[in-house]
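Trainee: I would like to see how this sequence folds:
(chains A and B)
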Amino acid sequence: MLRLASKRLLQGLAPREAQSPAVQLLPRLYHERVVDHYDNPRNVGSFDKNDPTVGTGLVGAPACGDVMKLQIKVDDETGKIVDACFKTFGCGSAIASSSVATEWVKGKQMEEVLSIRNSEIAKHLSLPPVKLHCSMLAEDAIKAAVKDYEAKRVKP
Amino acid sequence: MSKQKLWISLSSSVLRRTLRLTTCSAAKTRSLTYVSPSLTISNSENFRIFPSRGFEFLGNTQLPGKWSLCTQAAENIDAKCWNCNAEAETAPFLVCGSCRCIQPVDQSVDYFQIYGLEKTYDIKDDNLERKYKDWQKQLHPDMVHSKSEKERENAAEQSARVIDGYRTLSNPLSRAIYILKLEGVNVDEEETISEPHLLAEIMEIREAVEEAADSQALNQIQSQMQEKLKHLSNLFAYAFRNRNFEEAVKAIQRMTYYERASQEIVKKL
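Mentor: Numbers count the residues shown, from 1 in each chain, chains lettered A, B, ... in the order given. A predicted model of the protein is given here:
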């Protein structure tokens, strides 16, 4: 559903972009990894946000009004992220960024994922400059999820 | 060049829509049939999303927008027609009063001036559409298709600007962003916000839109969105009047989320 919606969004944009002069000089083609994540988004879904082992990161981009939810499931004893999922209402780049983010955080320690930078996600997906804020959103979502989990642990 | 073409077709689609409302000659409609269908659709969506008419602002202590051409005349007093060299008689000076020649775009003239409105957020836009049509009757590229290239270029640019102005002013959100920009306040677009309550609410709305089974359900969400937008528009108006730009920006950011949801609904309907 998510994919369908975003696909429609991209198709809707296509004719307009085709008429822009910039396109002829600099074709704005998405990297195959973006298309891949967007056609087959990994780890789409939701965990119970009231589960004490789940951390939820909810972030939004005021410019476009898009929202991204990234959740992590943490092993209480080891602090390892055992599972992750996301739900994003946004453009292809935002969906791909959050999909990559969930892949990257799985199996890692919480401290480790805090070092994931948006530039790494952007580089991995070869995002154009105008789409850098999408990867920023994913970085912020990871941080927010960890923060939420830690806050829950302090006062369960 | 191709950007200009895009504008022309956009403008035509708007014009065609407005012309349909009025009685227009068959010849005129025929000349406008090169509009690209996709653009027509996106455009008409824009119009459906923001009825924007009937926005009543709470505590509206200011006068509603009205024609105030005389106040702007001073700014353009030195302007002369590029064609016949006649002095500008009226402001904004988009068309020469004596030879009816379309003037080049003057970026210092803002949309409020083009539409003869006071620079306030709470505009009464009953006259906006009429004024818009009046401008298009004078500026639309189709009116000057047999004239010089310079005049055709001017027409394309001026009419695009008039369209942009109409869209900007008739939509409460874009009008808010625009009037803040005129005050030198830019809404930071790159910033990520984390307001849990708002975002959770938006997430729920977007999920509800995605899962909505029929148009009745969608319409119900849509009316909620319009309600929220109206409320936030009032908040913005209040903050802006008090020159509380921080609150004004906040209202704009919140509006953006609801508007985005509203656009999704329109897409699904």
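
Trainee: Can you report how many residues lie near A:Asn50?
Mentor: Residues within reach of A:Asn50, counting by other CB atoms under 10 Å in any protein chain shown, total 8. For every residue, glycine as well, the C-beta is placed using N, CA and C.

Trainee: So which residue is dead centre in chain A?
Mentor: A:Ser98 (1.4 Å; CA atoms, centre = their mean).

Trainee: Quick check: bridge partners of the closest residue to that residue other than its chain neighbours?
Mentor: Closest residue in space to A:Ser98, ignoring its immediate chain neighbours: A:Phe86 at 4.2 Å, by CB to CB, 6 or more residues apart in numbering or on different chains. The partner list for A:Phe86 in beta bridges (DSSP bridges) reads A:Val44, A:Leu70.

Trainee: OK, contacts around A:Phe86?
Mentor: Counting by CB atoms under 8 Å, 6 or more residues apart in numbering or on different chains, A:Phe86 touches A:41, A:43-45, A:68-71, A:98-99, A:101-102, A:141.

Trainee: Secondary structure element holding the residue nearest to the centre of chain A?
Mentor: Using DSSP states H and E, A:Ser98 sits within helix A:92-105.

Trainee: got the buried residues for that helix?
Mentor: Using 16 or more other CB atoms under 10 Å in any protein chain shown as the test for burial, helix A:92-105 gives A:92-102, A:104-105.

Trainee: export those to JSON lines and tack on distance to B:Arg254 and pLDDT?
Mentor: Below are those laid out as JSON lines (distance: CB to CB, whole Å; pLDDT from 0 to 100):
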{"residue": "A:Gly92", "distance to B:Arg254": "25", "pLDDT": "85"}
{"residue": "A:Ser93", "distance to B:Arg254": "23", "pLDDT": "88"}
{"residue": "A:Ala94", "distance to B:Arg254": "19", "pLDDT": "90"}
{"residue": "A:Ile95", "distance to B:Arg254": "23", "pLDDT": "91"}
{"residue": "A:Ala96", "distance to B:Arg254": "27", "pLDDT": "92"}
{"residue": "A:Ser97", "distance to B:Arg254": "24", "pLDDT": "92"}
{"residue": "A:Ser98", "distance to B:Arg254": "22", "pLDDT": "93"}
{"residue": "A:Ser99", "distance to B:Arg254": "27", "pLDDT": "93"}
{"residue": "A:Val100", "distance to B:Arg254": "29", "pLDDT": "93"}
{"residue": "A:Ala101", "distance to B:Arg254": "26", "pLDDT": "94"}
{"residue": "A:Thr102", "distance to B:Arg254": "28", "pLDDT": "94"}
{"residue": "A:Trp104", "distance to B:Arg254": "31", "pLDDT": "95"}
{"residue": "A:Val105", "distance to B:Arg254": "29", "pLDDT": "94"}
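
Trainee: which two in those are spaced the farthest apart?
Mentor: By the measure CB to CB, A:Gly92 and A:Val105 form the most distant pair in these, at 20.7 Å.

Trainee: okay, B:Ile8: pLDDT?
Mentor: What the model reports as pLDDT for B:Ile8 is 44.

Trainee: Show me where the chain has its strands.
Mentor: As the question left the chain open, I've gone with chain A. A:54-61, A:66-74, A:81-89 (DSSP state E).

Trainee: In chain B, which residue sits closest to chain A?
Mentor: Taking CB to the nearest CB, chain A has its nearest neighbour within chain B at B:Arg260, 2.9 Å off.

Trainee: Count the residues that sit near that residue.
Mentor: Residues near B:Arg260, counting by other CB under 10 Å: 22.

Trainee: Identify the residues contacting the closest residue to A:Ala145 other than its chain neighbours.
Mentor: Leaving aside its sequence neighbours, A:Ala145 sits nearest to A:Gly57 (CB to CB, 6+ apart; 3.3 Å). Residues counted as contacts of A:Gly57 (CB under 8 Å, 6+ apart) are A:68-72, A:140-148.

Trainee: Tell me the one of those nearest B:Val187?
Mentor: Of the contacts of A:Gly57, the one sitting nearest to B:Val187 (CB to CB) turns out to be A:Asp140, at 18.4 Å.

Trainee: Low-confidence stretches in the stretch 51-200 of chain B?
Mentor: Low-confidence segments of the stretch 51-200 of chain B, defined by pLDDT under 70: B:51-78, B:125, B:188-194.

Trainee: Residue of chain A nearest chain B, please.
Mentor: A:Gly65 (2.9 Å).

Trainee: Surely that residue is in contact with B:Tyr257?
Mentor: Yes: assessed by CB atoms under 8 Å, A:Gly65 is found in contact with B:Tyr257 at 4.5 Å.

Trainee: Could you double-check that B:Ala200 lies in contact with A:Leu58?
Mentor: Yes: in this structure, B:Ala200 is within contact of A:Leu58 by CB under 8 Å, at 6.2 Å.

Trainee: which of these two has more neighbours?
Mentor: A:Leu58 (25 against 15).

Trainee: quick one, what contacts the more buried one?
Mentor: A:Leu58 makes contact with A:Val67, A:Met68, A:Lys69, A:Ala141, A:Ala144, B:Ser194, B:Pro196, B:Leu199, B:Ala200, B:Met203 under the criterion CB under 8 Å, 6+ apart.
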